[in-house]
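Peer 1: Okay, sequence plus prediction incoming.
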Amino acid sequence: MIAKSNKFLCLLSFLLFGYYIYIAYLLYSGGVHSNEALFFTEKSALLHEGDADGIKLGGLTFPQLPFIFSWVFSFLSIRFSPVLASALGSSALFFIITASIKAHQYRNWLFLGILITFMLHPAFIFFAVSGKSSYMVLIFFYLFVMSIFRFFRTNTSYHISVASIYFTLLIFCSFKFSWLMLFILPIIFFVALQSMTVAKNDPLDKIAIAFNTQSIRRKLVNKTLAVYLIIFALPITAILIFRLLNQTYTGDADYYLNSPYANYSAITDQTDHLNNLADSKLERIFPEVHFLVTVRILMFAPLLLLCLGIFKSINRNIFMVFSLFFFIEFLKIKYPSVYIPVHFYAAFICLCWALIANAKSIRTLRFGKHFYLSIIILQLVTAYLTMNSSHLPEEKKYQDALVSLITQKPLERDDNEILSDCIRRINSHDGILTDDANAYQIIALTGSAKIFLTPEENSFLAALAQPVNHVSYILATKKESPYDSFGLLNASTIQTLRSKGVSLHPVCSNKNWILWRIKNGKK
Amino acid sequence: MDKKQQRYIIGILSDRGYITQDDVVRIASFGETSGLSLVKILLNFGYISRKDYQKCLLEEGYDFKDVRLEETDLEVMMQMDLKTVDRDLILPLRIEDDYLVIAVADPTATADFLLIEEKYGRPVKVLLASDLDILWLGHKLLGEKYVKKAVFELLNRDPESSALVTFTKTQLIIIFSVIALVTASLFLSFINTTIIINILMSSFFLVAIAFKLFLALTGSRLELFQAVSKKELKKVKKEDLPVFTIQLPVYREDKLIKKLIWNLQSLDYPREKLDIKLLIEEDDDKTLNAVRDLDFPAIFEVVVVPFHMPKTKPKACNYGLYFSRGEYLTIYDAEDVPDQDQLRKVAIMFKKLPKNYICIQCALNYFNRNENFLTRMFTLEYSYWFDYMLPGLSTLDIPVPLGGTSNHFKFDSLMELGGWDPFNVTEDADLGIRAFAKGYKIALVNSTTYEEANNEPFNWIRQRSRWIKGYMQTYLVHMRNPSKLIEKIGWKGFLGFNFFIGATPVTFLIYPLLLLLFICYLVFDLEDIRTIFPDWVLYISMFNLAIGNMLIIYVNMIAVFKRRYYELILFSILNPFYWLMHSIAAYKGLWQLITKPFYWEKTDHGLSKVQMNRDTKPEAI
């Protein structure tokens, strides 16, 4: 009965937040960082301290909502802000899910399963401690499917409009979810068809009658179109407006997706792919290729099998599950060289809870509650295996770090900390010419953007042409760095500057970066 | 005319087959309980048409006089109270040859004549006249006391709440100071001032619309809530129902009278417990004659509103209050088609609610929604207003601006509030705020009244300009002392009032300006605009304008969902154009607020070619 009290859930969410913060702190101090968190930190630092265009930074950085949420925490601590946001967001996700099963007949069992997942599931811990936007994606995804399921049940405008709002917010957390629209279209048609008062039960008979009776056909078309519009009008117009703003402000409607200054994945998607090309796909249990993605999903979220078994008679809910499968397969086809992050897999676990929460008294679960808990525990193992074979180095890095924490082995520090430590020792009046398209990690780790001169600032181009007059240092990539071709300041730029007679001396370096000192540079 | 009668009117009508024996029993019983005269009941409660009544008396040898042309002596008339005249339909006119000349509607009411003879101390000379003429003359000559009360009651009792003064001195000082400040700032720093104005305007626009979306979502949560269930409706007994007054203020609505009777007849409420008052202006012979010419029995009483400025609907309604008998009171327009069980639902609801709920508002919607662009847009607007916004306001405990009709009051509480403000052209919205400020609450019930949507653009602009002017008036009245208002309605109510009542006209006024800037930006040279609006301002303004438009379109889209008007959903996209019409009306309203604040822009009704058919009524909620 304890799972019924809101106060108890709040308290538990707060304790969970503390638990996440503790792990996050250990990882952060051990030098384990995620690219997205560093990207958010750097943008927040530029907003706070830099001479950059605030509208461009605040208004066009993508994913926008997680960034804004993270920025809010930057008033407490710039460096730790994304992690604070993700820990809090993940606790909020826990609260939202547990609160939604409060009225369920088997809430205590369900609650236990959710608690175990949030405390021990490697992916959920990863979302909470990495500072990535995954927590927000899952929050809005969960709220969206919950609202959709409620709409299926009640047919009310409130639930459908709220679903639309959540969907819009979801897109502003992860743009790829916009493609989900395509796969929801047939479900809505099916739901509209079901709501028609036709004296037949079989869907095919219903379709036949609906299409051959003028009044029902007109009603069906009107209703389907109306639901489409209510669900999709808001996200589509929001995207169009956002693109218009991008076009107006930067001259490129896709700036928020393609520019490395607005979206960290513009570069990481490519570097991750290049990184994976070197590895053999066969080394993994299930490589991420078409059709096997579905197997990977089922392996990651075996709870799905239980749900499909229990709710097989509720067609529209089952269709929702399949639409998500098709959506993930579609993503693999649409973006063949981009790997699917683990939060897309975790969305299926959330979907399972949404399914259960919307079927309040399912008799089958009574017999399956022990089985449910067993699956939840099995899911921890399968998640470990899936994440261990992830194509995204960052996911594997966090997985290894968590294992190292448990086994009390030393953590592998981020290589970029060498540069950031070095930069922190430099006099803040000496400027460093930096291209934050790829150097955002170093700026973020330094914890302050004051010393850096980035392309967001007006004097950058002048400094690039005549560095001697503007800055004392240049931060550039090494030729062998995977980031070398993604920034303005790379090995060839250094070569060009040297050929122009600029005298440069290396101050410090790591695997990918060198900090150059300009002889007779700006004092 | 010989005052000694062989037979009474009831016998004459019964003998001639106009009324049945059952009717006779019912009339007698109703006469006892209500205290109304026999002729009043006969002509106003559906027993006989005026034409038949006249025909019958003519056949009996009586002669009708046009009492409006008769000579009158005000001193003689003043000895009789108007309420008695209205009840008995006997009007003393003058003294002539030591006789008291009286106009009567029932020449056989000898008992009443004796009472008058006793009162005046002289014999009477009876002139038979149409009851409508007696009422017309009686109200015109004896109604001054009541009409003065109708106009000045609120002003005398609570001058702070009256819109007689449009702008107070303080308000004028503030308005002119702001204008002076802006003008001076424009001279000193044109670009910076323009930037600040633009940012303020567009941000205000966005916040106001976001607030409306929030309200709509809050309201839409109540979609499945049935304030009064079918089970409760079935349980209620006829004898437990209270007397319900229905006021029907009309002006030149002669074409709608027949329709009005049909609509009223279909109300599921005991006829004897209905007190329907048709409020006709003194100079409105068209409507009076339409009532006179009805071929079938009327089911309403006529109250003639004597001439007095301002000539507004609230003044007529206030006047009607003095002749009402109901425990509850509501207002309908002539073309309204309320749900049949609406009055029953309201009566049940009032019994269920705590005592401080003094008004119940029903939803309004349109029966001619698919007639043209305007009616479609109007339906979209009303659907979200009454199905989402008002429930949203009520849920959040924010003052609810009442709709023009179908608001049901507790009669005593309405009188205590001082009735409607005759100087306010959206008296309903004003009354809602006034009631809230006094600690009263307004509830909403799951019942709809279908009206005729305005289908003609100029007529629409006239009507809308009055509404927007009224909102401005209401805002100015209640914002005379903001700190006092906060004290009365709290911060939440205050903010809600500002964003709902205050922001509505302002958004309509600034919308075309923002749109114009946007079009200039798109069509003309970008650089010219950018000198006034740097990139960041342009970004924020475009964001606000685009998001604002999108949200309001969206709110309209949601609205049709509850009513299942799916075919209208695409029309919500045309809202920006509809908004431009609002803007035209808003500027007209603003102009009238300054030049003629109490002028009542008359809306023509009965223009629609669509008839409301109860069998094919829009789907129930």
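Peer 2: Yep, that arrived. Residues are numbered from 1 along each chain as shown, chains lettered A, B, ... in the order given.

Peer 1: Show the pLDDT at the most centrally placed residue in chain A.
Peer 2: In chain A, the residue lying closest to the centroid (Cα atoms, centre = their mean) is A:Ser134, at 3.5 Å. Note on A:Ser134: pLDDT of 96.

Peer 1: I'd say it and A:Ala346 touch.
Peer 2: Yes. If you go by Cβ atoms under 8 Å, A:Ser134 and A:Ala346 touch, sitting 7.2 Å apart. Just so you know, the C-beta spots here come from the backbone N, C-alpha and C atoms, and that holds for glycine as well.

Peer 1: what touches both of the two?
Peer 2: Shared contacts of A:Ser134 and A:Ala346, defined by Cβ atoms under 8 Å, 6 or more residues apart in numbering or on different chains, comprise A:Phe127.

Peer 1: Dihedrals phi and psi, B:Leu248?
Peer 2: Main-chain torsions, B:Leu248, degrees, to the nearest 10: phi -120, psi 80.

Peer 1: Look up the closest residue to the residue nearest to the centre of chain A, ignoring the ones flanking it.
Peer 2: A:His343 (3.6 Å; Cβ to Cβ, 6 or more residues apart in numbering or on different chains).

Peer 1: Likewise for A:Lys176?
Peer 2: Leaving aside its sequence neighbours, A:Lys176 sits nearest to A:Leu331 (Cβ to Cβ, 6+ apart; 5.9 Å).

Peer 1: what about the one you found, distance to B:Leu260?
Peer 2: Separation of A:Leu331 from B:Leu260 (Cβ to Cβ, to the nearest Å) stands at 62 Å.

Peer 1: Please, which helix or strand holds the residue in the stretch 51-200 of chain B that chain A sits nearest to?
Peer 2: Ranked by Cβ to the nearest Cβ, the top residue of the stretch 51-200 of chain B for proximity to chain A is B:Ile199, at 12.2 Å. Under the criterion DSSP states H and E, the helix or strand holding B:Ile199 is helix B:190-220.

Peer 1: helices or strands up against that helix?
Peer 2: Contacts defined by 3 or more Cβ pairs under 8 Å, 6 or more residues apart in numbering or on different chains; DSSP states H and E place helix B:190-220 against helix A:157-171, helix B:169-188, helix B:390-395, helix B:503-523, helix B:526-532, helix B:535-563.

Peer 1: For it, list every residue counted as buried.
Peer 2: B:193-195, B:198-199, B:201-202, B:204-206, B:208-213, B:215-220 (16 or more other Cβ atoms under 10 Å in any protein chain shown).

Peer 1: what about A:Leu405, which SS state?
Peer 2: helix (DSSP: H, G, I helix; E, B strand; the rest coil).

Peer 1: before we move on, back to that, quick one: the helix holding B:Ile199 to chain centroid distance?
Peer 2: On the basis of Cα atoms, centre = their mean, to the nearest Å, helix B:190-220 sits 31 Å off its chain's mean C-alpha point.

Peer 1: and whichever residue of the stretch 351-500 of chain A sits closest to chain B, how many residues sit next to it?
Peer 2: The stretch 351-500 of chain A approaches chain B most closely through A:Asn458 (12.7 Å), counting by Cβ to the nearest Cβ. Neighbours of A:Asn458 under the rule other Cβ atoms under 10 Å in any protein chain shown: 10.

Peer 1: Likewise for B:Ile553?
Peer 2: Using other Cβ under 10 Å, B:Ile553 has 20 other residues around it.

Peer 1: Please list all residues in contact with the nearest residue to A:Ile68 once chain neighbours are set aside.
Peer 2: Leaving aside its sequence neighbours, A:Ile68 sits nearest to A:Gly58 (Cβ to Cβ, 6+ apart; 7.5 Å). Residues in contact with A:Gly58 (Cβ under 8 Å, 6+ apart) are A:47, A:68, A:71.

Peer 1: Tell me which stretches of chain B form strands.
Peer 2: Along chain B, the stretches classed as strands by DSSP state E are B:64-65, B:90-96, B:99-104, B:124-129, B:244-250, B:274-281, B:301-305, B:328-331, B:337-338, B:357-366, B:407-410, B:441-451.

Peer 1: Quick check: closest non-adjacent residue to residue 144.
Peer 2: Using chain A. A:Tyr166 (4.0 Å).

Peer 1: that's the wrong chain, I meant chain B
Peer 2: Excluding the flanking residues, the one nearest B:Glu144 by Cβ to Cβ, 6+ apart is B:Pro306, at 6.6 Å.

Peer 1: Thought B:Glu282 was touching the one you found, still the case?
Peer 2: Yes. The pair B:Pro306 / B:Glu282 is scored as a contact, 5.3 Å apart, by Cβ under 8 Å.
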